[in-house]
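Novice: got a predicted structure plus its sequence, pasted below:
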Amino acid sequence: MDSIHIVGGKRLEGAIPISGAKNAALTLLPCALLTDGPLTLTNLPRLADVDTFSHLLNGLGVSTKIEGVRKGEVGRRMTLQAAEIASTVAPYDMVRKMRASIVVLGPMLARAGEATVSLPGGCAIGDRPIDLHLRALEAMGAEIELAAGYVKAVAPKGRLSGGDYSFPMVSVGATENALMAAVLATGRTQLFNAAREPEIVDLCNLLVAMGGRIEGIGSSHLIIDGVEGLNGCTYEVMPDRIEAGSYACAAGITGGSIDLIGARPHDMLAITNALAAAGLMVEFHDRGMKVSADGPLKPLAISTAPYPGFPTDMQAQVMAMLCVAQGESFLEETIFENRYMHVPELRRMGATIDVRGRSAIVHGVGGLTGANVMATDLRASMSLVLAGLAAEGETEVLRVYHLDRGYERLEEKLSAVGATIERRSAG
Ligand code: EPZ
């Protein structure tokens with residue numbers, strides 16, 4: 001297994017190109033199932049999860065053709081086409097690699113009238129149930145059966161019918177499944193308390209570009225009028241707001257200045273507000289934003305929340321940065337029940353953090369020291385990299401396959417702004 005080796009203590013300065021958003025790509029890719037026409041996605045990030053998802057789609061009968069990076073573009077182009085659905089089963093050995101695979105349920109049900117998907121199971125950060133996905137589909141007439149570790153969904157008359165569903169709690173994935181099921185249902189579907197993340201807006205914009213009819217885009221009340229069919233199109237994946245926020249924390253923790261090229265400020269105001277409150281200078285410009293340290297870091301009090309609140313996917317990264325702030329910070333993780341696995345590893349680097357249930361108090365220390373640390377999940381891995389960039393001495397982050405799921409060319413991007421960082425193969 002590869003590891004990432006960092007010699008810390010360098011002030012990072014320069015520009016980092018922001019890639020297409022992983023969490024947008026993973027809901028745009030399954031839209032190919034909704035039409036027999038070709039769907040071309042541009043600005044696709046080179047990530048393990050994108051490759052895993054395209055292999056899953058291949059198994060369902062979707063052809064995928066990757067085109068190289070065109071001049072002036074950052075991401076890859078992929079053309080997907082489901083001329084016909086070859087299989088309606090998403091098998092365990094594919095789904096277990098990436099629980100986001102569950103979002104093939106809605107589009108497959110919409111296109112083929114049935115779908116069988118392995119239950120994704122939990123992961124390091126929590127149990128990750130899918131009950132809201134299933135309730136939303138049942139509101140559109142789907143009949144759901146759970147057996148032998150699989151969920152089987154059937155549209156009794158071969159096609160879903162529009163229905164209303166109010167989410168008892170905000171769920172990104174369940175909103176995505178419901179949207180992709182509703183666009184081809186007969187009649188109107190209304191979703192209440194739907195997720196409003198920018199990645200959901202990206203999905204709605206793609207579905208409309210394919211011929212879907214959706215009102216309330218960006219709000220928590222989505223109205224979808226089903227259509228007879230959808231067409232392929234060409235669509236650009238939005239920039240990754242979590243990647244951008246992660247590198248902004250790299251500027252903060254190293255006392256540096258990083259220009260995030262391609263970042264979209266209006267997607268990440270909760271993040272930039274927090275960074276500014278921590279004493280960083282955030283300058284929006286027409287190609288993204290520049291984040292610069294401007295004196296010592298100030299402590300923060302942050303609770304994660306669904307969009308437009310502070311994103312849970314940024315909690316571990318901001319915690320790493322706050323380990324060297326002047327004073328005590330307070331974090332509350334309200335979305336996932338076990339998203340503090342980076343804490344024991346940060347402590348091994350000299351951080352002083354008290355965790356009580358879903359709350360954490362970070363006592364800022366003068367500095368961190370390098371150590372061998374273990375990555376446990378995607379965002380925890382990034383928090384360890386950030387700590388390593390600031391730490392005195394050498395840090396080895398093990399199990400970096402977690403990082404490769406969500407950060408494209410991490411070493412290359414950080415080296416370009418002055419980090420001493422390299423990937424080491426364990427052979
Ligand atoms: C998406 O996961 C993201 N993943 C996650 O990013 C992100 O942390 C999360 O949304 C919240 O923003 C992708 O987009 C691929 P949820 P998702 O359904 O859809 C509970 C990363 O690091 N819930 O909004 O799985 C659930 O347990 C990843 O990039 C139910 O109870 O998240 C959680 O507590 C990690 N029943 C809360 O809702 C359900 O049916 C939010 O989950 C569904 C969810």
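Specialist: In hand now; what should we look at? Numbers count the residues shown, from 1 in each chain.

Novice: going by C-alpha atoms from here, please, whenever you check contacts or count neighbours.
Specialist: Noted.

Novice: farthest residue from the center of the chain?
Specialist: Most distant from the centre of the chain: residue 157, at 34.7 Å, with distances by Cα atoms, centre = their mean.

Novice: how about that one, what does it touch?
Specialist: Residue 157 makes contact with residue 113, according to Cα atoms under 8 Å, 6 or more residues apart in numbering.

Novice: pLDDT score for it?
Specialist: Note on residue 157: pLDDT of 91.

Novice: now do residue 381
Specialist: With respect to pLDDT, residue 381 has a value of 96.

Novice: so residue 86 sits in a helix?
Specialist: No - residue state for residue 86 (DSSP: H, G, I helix; E, B strand; the rest coil) corresponds to coil; a helix is not indicated.

Novice: picking that back up, distance of the residue farthest from the centre of the chain from the ligand?
Specialist: Residue 157 sits 25 Å away from the ligand, going by Cα to the nearest ligand atom, to the nearest Å.

Novice: same question for residue 276.
Specialist: Taking Cα to the nearest ligand atom, one finds residue 276 at 22 Å from the ligand.

Novice: roughly how far apart are that residue and residue 315?
Specialist: 16 Å (Cα to Cα, to the nearest Å).

Novice: buried ones in stretch 205-222?
Specialist: 205-214, 217-218, 220-222 (16 or more other Cα atoms under 10 Å).

Novice: same question for stretch 55-67.
Specialist: Quick answer for stretch 55-67 (16+ other Cα under 10 Å): 56, 57, 58, 59, 60, 61, 62, 63, 64.

Novice: just put the residues you listed in JSON lines and tack on distance to residue 35.
Specialist: As requested, the buried residues of stretch 55-67 are exported to JSON lines (distance: Cα to Cα, whole Å):
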{"residue": "56", "distance to residue 35": "17"}
{"residue": "57", "distance to residue 35": "13"}
{"residue": "58", "distance to residue 35": "15"}
{"residue": "59", "distance to residue 35": "16"}
{"residue": "60", "distance to residue 35": "13"}
{"residue": "61", "distance to residue 35": "12"}
{"residue": "62", "distance to residue 35": "10"}
{"residue": "63", "distance to residue 35": "12"}
{"residue": "64", "distance to residue 35": "14"}
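
Novice: of these, closest to the ligand?
Specialist: residue 56 (14.5 Å; Cα to the nearest ligand atom).

Novice: wait, the closest one touches residue 88, no?
Specialist: No - when contacts are counted by Cα atoms under 8 Å, residue 56 is not listed as touching residue 88 (11.1 Å).

Novice: residue numbers of the stretch 301-427 of the chain in contact with the ligand?
Specialist: Contact residues, the stretch 301-427 of the chain versus the ligand (Cα under 6 Å from any ligand atom): 312, 313, 335, 336, 378, 379.

Novice: change it to 5 Å
Specialist: Contact residues, the stretch 301-427 of the chain versus the ligand (Cα under 5 Å from any ligand atom): 335, 336.

Novice: quick one: the helices in the stretch 301-427 of the chain?
Specialist: 315-322, 342-348, 378-390, 401-404, 410-415 (DSSP state H, counting those that start in this stretch).

Novice: one more: the stretch 51-200 of the chain?
Specialist: Under DSSP H, counting those that start in this stretch, the stretch 51-200 of the chain gives helices at 92-95, 105-112, 131-138, 172-182, 198-209.

Novice: mean pLDDT for the ones you listed - can I get that in a markdown table?
Specialist: Output for the helices of the stretch 51-200 of the chain, formatted as a markdown table (pLDDT from 0 to 100):
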| stretch | mean pLDDT |
| --- | --- |
| helix 92-95 | 90 |
| helix 105-112 | 98 |
| helix 131-138 | 97 |
| helix 172-182 | 98 |
| helix 198-209 | 98 |
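
Novice: got a markdown table for those helices, with distance to the ligand too?
Specialist: Formatted as a markdown table, those follow (distance: least, Cα to the nearest ligand atom, whole Å):
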| stretch | distance to the ligand |
| --- | --- |
| helix 92-95 | 12 |
| helix 105-112 | 13 |
| helix 131-138 | 3 |
| helix 172-182 | 3 |
| helix 198-209 | 8 |
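
Novice: that'll do, ta.
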